[in-house]
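*Asks:* pasting the sequence and the predicted model now:
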Amino acid sequence: MQTRSSTRASRRDSTRRNIAESKAKASSPSQRVPPANQAAPAPVQRTPQQWAKLNPRTQHYEFGGPVGAFAMVTLLPLLVLLFAFGCDSSGYDPLTRGYRFLSDVASLQFDVGMLWSLITSWKPMALFGYAIFVAQLVTFSISLPGEEVEGTQLRDGSKLTYRLNGLSVFQTSMTMIIMTGKNMGLAFPIWVADNFGHLAVATLLVAYLVSISVFVSSFYGQKLLALGGNTGNKLYDFTIGRELNPRIQAFDIKYFTELRPGLIGWFLLNICMALKQYSTLERVTNSMVLVVLFQGFYILDALWNEASILSTMDITTDGFGFMLAFGNFCWVPMMYSLQARYLSDFPLDLSYWMMAIVIGLEVGGYYIFRSANGQKDTFRQKPDDPRNKDLKFITTQSGSRLLISGWWGKARHINYLGDWMMSVAWCMTCGFSSIIPYFYCIYFAVLLIHRERRDDDKCRAKYGKDWDRYCEKVPYRIIPGIY
Ligand SMILES: NC(=O)C1=CN([C@@H]2O[C@H](COP(=O)(O)OP(=O)(O)OC[C@H]3O[C@@H](n4cnc5c(N)ncnc54)[C@H](OP(=O)(O)O)[C@@H]3O)[C@@H](O)[C@H]2O)C=CC1
Ligand SMILES: CC(C)=CCC[C@@H](C)[C@H]1CC=C2C3=C(CC[C@@]21C)[C@@]1(C)CC[C@H](O)C(C)(C)[C@@H]1CC3
């Protein structure tokens, strides 16, 4: 497995090479690359006909079309609220292990009056606190220095520049939060844990606000739209994302959202849950230590390897709409912190056997996830690297090469398998008494299976017969020999 510093160095080399090549090639204005720290490139003037050609109408729906979009905008937020307010540990239910409200819903004893009383008792302080958190992340993302790198080439020929300062944003915001909350002692994490539902509403409001603003602004000025988010159906386009790279000058809203509020918010909530457990138990259980460490490591790994996100479909292909705004502002912090939350309500110490299984799954999953992603990155971005020398590949007509040995010869998305194994390890830290913490690995399996199909469609459209040739050589999608 390659080391983290060599991965970073390789990315830096390739980024510099990209910038140098782009500068040399910059024959048309759209290929010009701005110097580091400069605002967004000057927009190229095009006629309305040229824009219409560049932004063709989307002909195919994904995610169940407008009906699916409606469900996403309404049902997913309700699900978050259900988990946030419903996981009330004061009752008892064998399946949900004490999460009373959920069992009320399951047994159809749901009381609308109860929901109304929740809405009317909502605490605006939660929105105030969350808004300060997001404003702080925006301020640090804009002001802290970081390496300037280019993203992949867009279909208008241009390349956008991104500033990689995720780790310094993380460190600085954590320091600020610790300094601010220090005088409050455990009162701060206890407040956060006790007001989880109110915070969930706040994240939801911010997600709606950001996605509505971005959707409205996509109709003004000359904007590059996402190929999949320009159907003309407003609800669908709003949900999937109409504009490809909404920006305020050099500040890229999609890039910021993808790696800052969700991941850092998730980390912070986990720490608060661990401190809440400490406040009631006067110690932290081994299960809580494991889940906070594992997820913290996953989050830091994502920030450390920040540049790799530039080639994911979320950045290169998908527009920025409600789905990504909601996913990152609300879904990731509120739903991904479920295990730590559960363990703060129902403390549990794992047996040595269970710890060994959980650690084994985490280490094995991380090894597959990181080395598969790293192998593809090195192969694509540093072709001369000696680590590539034994790898077999096919060359496609588009010029891109597809690996057919190493990790990418075992299954077409072996990296998803590693990611999913980690998700199972996290859920297992909660033992087997309740099904609630297992929501995460079940949802994640659905997300990854669906994502693999979308990526397969994208690659078939891009590579045509070469993709079929690749699929013949690497027949499995995610699990070698099984699926
Ligand atoms: N925790 C979470 O909630 C989530 C985590 N993830 C994780 O994010 C990571 C990134 O995933 P994702 O963006 O889906 O995409 P991948 O990192 O799997 O990359 C897919 C792309 O890689 C290229 N490619 C495919 N096969 C080959 C090959 N054999 N050789 C070389 N290049 C190939 C293609 O792009 P090209 O057009 O360049 O050829 C393809 O579109 C994954 O590890 C995933 O587990 C994803 C979603 C949610
Ligand atoms: C239910 C719903 C609205 C789903 C929206 C999907 C999003 C939650 C996910 C889409 C792709 C994601 C990625 C990550 C988090 C979840 C979302 C936003 C990611 C940032 C997690 C950390 C990884 O290391 C990653 C950087 C590879 C990853 C990128 C994709």
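*Replies:* Structure's in. What do you need? Ligands and ions are numbered 1, 2, ... in the order given.

*Asks:* looking at this, residue 394 is in a helix?
*Replies:* No: judged by DSSP: H, G, I helix; E, B strand; the rest coil, residue 394 forms no part of a helix; its state is strand.

*Asks:* please name the residues that touch it.
*Replies:* The neighbours of residue 394, taking Cβ atoms under 8 Å, 6 or more residues apart in numbering as the test, are 401, 402, 404, 466, 469, 470, 473. From N, CA and C alone the C-beta is placed, and that goes for glycine too.

*Asks:* how close does the residue positioned nearest the centre of the chain sit to residue 155?
*Replies:* Nearest to the geometric centre of the chain sits residue 258, at 5.4 Å (Cα atoms, centre = their mean). Going from residue 258 to residue 155 by Cβ to Cβ, to the nearest Å gives 20 Å.

*Asks:* picking up where we left off before, I'd say the residue nearest to the centre of the chain and residue 325 touch.
*Replies:* No: when contacts are counted by Cβ atoms under 8 Å, residue 258 is not listed as touching residue 325 (10.1 Å).

*Asks:* follow-up on the earlier one: any idea which of the contacts of residue 394 is closest to ligand 1?
*Replies:* Ligand 1 lies nearest to residue 402 out of the contacts of residue 394, by Cβ to the nearest ligand atom, at 4.1 Å.

*Asks:* and that closest one, how many neighbours?
*Replies:* Residue 402 has 20 neighbours, counted by other Cβ atoms under 10 Å.

*Asks:* so what does the host helix or strand of it touch, helix or strand wise?
*Replies:* Taking DSSP states H and E as the criterion, residue 402 maps to strand 401-403. For strand 401-403, the packing partners by 3 or more Cβ pairs under 8 Å, 6 or more residues apart in numbering; DSSP states H and E come out as helix 352-381, strand 393-395.

*Asks:* make JSON lines from the ones you listed and add mean pLDDT and distance to residue 119 to it.
*Replies:* Below are the helices and strands packed on strand 401-403 laid out as JSON lines (pLDDT from 0 to 100; distance: least, Cβ to Cβ, whole Å):
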{"stretch": "helix 352-381", "mean pLDDT": "94", "distance to residue 119": "38"}
{"stretch": "strand 393-395", "mean pLDDT": "91", "distance to residue 119": "56"}
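
*Asks:* interface residues of this protein facing ligand 1?
*Replies:* 312-313, 369, 373, 376, 400, 402-403, 408, 412-413, 415-416, 419, 447, 451, 455, 458-459, 462 (Cβ under 6 Å from any ligand atom).

*Asks:* returning to that earlier point: most tightly packed of the helices and strands packed on strand 401-403?
*Replies:* Of these, the one with the most neighbours on average (mean count of other Cβ atoms under 10 Å) is helix 352-381, at a mean of 18.

*Asks:* ok now it, how far from the chain's centre?
*Replies:* Helix 352-381 sits 18 Å away from the centroid of its parent chain (Cα atoms, centre = their mean, to the nearest Å).

*Asks:* repeat that for stretch 399-419.
*Replies:* How far stretch 399-419 lies from its chain's middle: 21 Å, per Cα atoms, centre = their mean.

*Asks:* next structured bit after the strand holding residue 402?
*Replies:* helix 407-410.

*Asks:* contacting residues around the helix or strand that that next one is followed by?
*Replies:* Later in the chain than helix 407-410, the nearest helix or strand by DSSP H and E is helix 414-428. Applying Cβ under 8 Å, 6+ apart, the contact partners of helix 414-428 are 291, 294-295, 298, 339, 354, 357-359, 361-362, 364-370, 372-373, 376, 407-408, 411, 437-438, 440-441, 444-445, 448, 451-452, 478-480.

*Asks:* what angle do helix 414-428 and helix 352-381 make?
*Replies:* 150 degrees (axes from the mean of the first three to the mean of the last three Cα atoms, to 10 degrees).

*Asks:* which parts of helix 414-428 are buried?
*Replies:* Within helix 414-428, the residues scored as buried using 16 or more other Cβ atoms under 10 Å are 414-428.

*Asks:* put the alpha carbons of that helix into CSV.
*Replies:* Taking Å, rounded to 0.1, in the frame of the first residue of the first chain, the C-alpha atoms of helix 414-428 are listed here in CSV:
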residue,chain,number,x,y,z
ILE,A,414,-13.8,-3.0,-5.3
ASN,A,415,-13.3,0.3,-3.5
TYR,A,416,-17.1,0.2,-2.6
LEU,A,417,-16.6,-3.2,-1.0
GLY,A,418,-13.9,-1.7,1.3
ASP,A,419,-16.1,1.3,2.2
TRP,A,420,-19.0,-1.0,3.0
MET,A,421,-16.9,-3.3,5.2
MET,A,422,-16.0,-0.3,7.3
SER,A,423,-19.7,0.7,7.6
VAL,A,424,-20.5,-2.8,8.9
ALA,A,425,-17.6,-2.5,11.5
TRP,A,426,-19.1,0.8,12.7
CYS,A,427,-22.6,-0.7,13.1
MET,A,428,-21.2,-3.7,14.9
